[in-house]
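Novice: Only the shape, not the letters, is given here:
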């Protein structure tokens with residue numbers, strides 16, 4: 001690093017480390033977001049507890065002891081109730097209710113079809129899933145009785161299923177893995193923006209407002225060296241804060257029960273090193289973008305407005321990647337941010353990085369950094385900036 005760039009870098013780092021806003025932004029995102037995600041996972045753990053069994057309120061169960069035994073073997077908890085004509089709601093603690101007709105046992109003995117009434121409550125997703133479990137158990141019992149009837153009549157059970165379909169998923173990532181992986185990668189993508197926004201604003205827009213930029217530009221240092229020193233400082237905050245957020249997130253994930261998470265990390269030592277290098281390149285690119293935006297603001301408050309609008313870009317890109325990936329052209333996964341989300345998702349959740357996508361992420365970050373730094377240097381050396389400094 002050039003000696004003049006080092007001087008500017010050290011000066012800016014000392015100033016920004018004294019800024020409580022920058023430190024607070026790093027701490028709040030690095031610890032707050034992972035803690036929030038861990039809390040959500042623990043809520044999921046309560047919903048998926050192994051001891052939680054679907055409860056079925058059964059009316060008329062004394063007519064079907066075999067059915068009760070079968071459903072209990074399927075993992076359902078049977079609670080006998082007295083049914084009303086048209087219940088307005090499920091009994092307390094029940095996930096579903098089945099009403100058997102008075103002639104259930106008689107019709108079943110004669111080999112006739114018996115209509116039964118199933119009541120469910122699909123107010124929430126969990127209740128809908130529990131109701132689906134009860135319906136699946138009832139269908140299984142129906143198939144069981146049908147098989148017994150065929151066997152007693154000398155009909156082989158194989159006639160009921162002439163074709164048996166075995167399904168194999170060839171997708172490199174399951175839908176849940178990819179969805180949650182993209183969500184985590186979006187958190188990582190937003191980290192450098194959040195970590196570097198405050199210091200980038202203060203480095204240029206804040207100094208323009210305090211009219212201290214003129215003193216810096218009066219020193220025997222070129223505009224390029226000045227911009228490079230400030231950029232190195234912002235990139236350090238972006239990368240350091242991002243790595244802190246990633247580290248805290250990965251540590252907290254280790255405390256979440258494995259049976260709760262719908263994914264498994266496939267991160268290797270080599271993959272983690274590649275991810276660190278990619279996050280470093282992304283942080284350099286984000287730092288250059290933040291400075292390019294900050295140089296156009298005359299005050300810190302005006303810069304906050306520009307940054308708020310600019311922050312919409314990575315959010316839109318991230319959600320487009322998450323929810324509209326199948327509708328996007330194939331070339332989009334080689335674009336900035338898109339490539340980073342795709343590449344880091346492969347590294348963290350598949351364990352097999354896509355070298356083409358990873359290479360495009362590095363290339364786009366390097367080219368984007370060079371272009372943004374050139375634009376910032378050109379803007380800083382313009383007559384308008386000199387007159388307003």
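Specialist: Yes, it's here. Here the structure is a predicted model, which means the values were calculated and not measured. Numbering: from 1, shown residues only.

Novice: If you count neighbours, what's buried in stretch 235-247?
Specialist: Neighbour-count burial for stretch 235-247 flags 235-246 (criterion: 16 or more other Cβ atoms under 10 Å). Glycine gets a C-beta too; all of them are placed from N, C-alpha and C.

Novice: between these, which is nearest residue 38?
Specialist: Distance to residue 38, by Cβ to Cβ, is smallest for residue 245 among the buried residues of stretch 235-247, at 12.9 Å.

Novice: Mind checking what secondary structure the closest one has?
Specialist: Following DSSP: H, G, I helix; E, B strand; the rest coil, residue 245 is assigned to helix.

Novice: mind listing what the residue nearest the centre of the chain touches?
Specialist: Using Cα atoms, centre = their mean, the residue of the chain that lies closest to the mean C-alpha position is residue 183, 1.8 Å off. If you count contacts by Cβ atoms under 8 Å, 6 or more residues apart in numbering, residue 183 has them with residue 322.

Novice: how near is it to residue 348?
Specialist: In this structure, residue 183 and residue 348 are 12 Å apart, going by Cβ to Cβ, to the nearest Å.

Novice: And for residue 125?
Specialist: Separation of residue 125 from residue 348 (Cβ to Cβ) stands at 27 Å.

Novice: Same question for residue 94.
Specialist: The spacing between residue 94 and residue 348, counted by Cβ to Cβ, is 41 Å.

Novice: Over to residue 132?
Specialist: Residue 132 is 32 Å from residue 348, by Cβ to Cβ.

Novice: Surely residue 30 and residue 245 touch.
Specialist: Yes. Residue 30 sits in contact with residue 245 when judged by Cβ atoms under 8 Å, with a separation of 4.3 Å.

Novice: Which residues are in contact with each of those two?
Specialist: Taking Cβ under 8 Å, 6+ apart as the contact rule, the neighbours common to residue 30 and residue 245 are 191, 195.

Novice: so where does residue 79 fall, helix or strand?
Specialist: Residue 79 is located in strand 77-80, with elements delineated by DSSP states H and E.

Novice: So what are the sheet partners of that strand and their directions?
Specialist: Applying DSSP bridges, strand 77-80 is found paired with strand 55-59 (parallel).

Novice: can you list contacts of the partner strand?
Specialist: Taking Cβ under 8 Å, 6+ apart as the criterion, the residues outside strand 55-59 that touch it are 68, 71, 76-83, 90-91, 93-100, 134.

Novice: one more time with 10 Å
Specialist: With contacts defined as Cβ atoms under 10 Å, 6 or more residues apart in numbering, strand 55-59 is touched by 64, 67-68, 71-72, 74, 76-84, 87, 90-101, 116-119, 130-131, 133-134, 137-138.

Novice: again with stretch 3-22
Specialist: In this structure, residues lying in contact with stretch 3-22 by Cβ under 10 Å, 6+ apart are 1-2, 23, 25, 195-203, 206-207, 216, 219-222, 224-237, 241.
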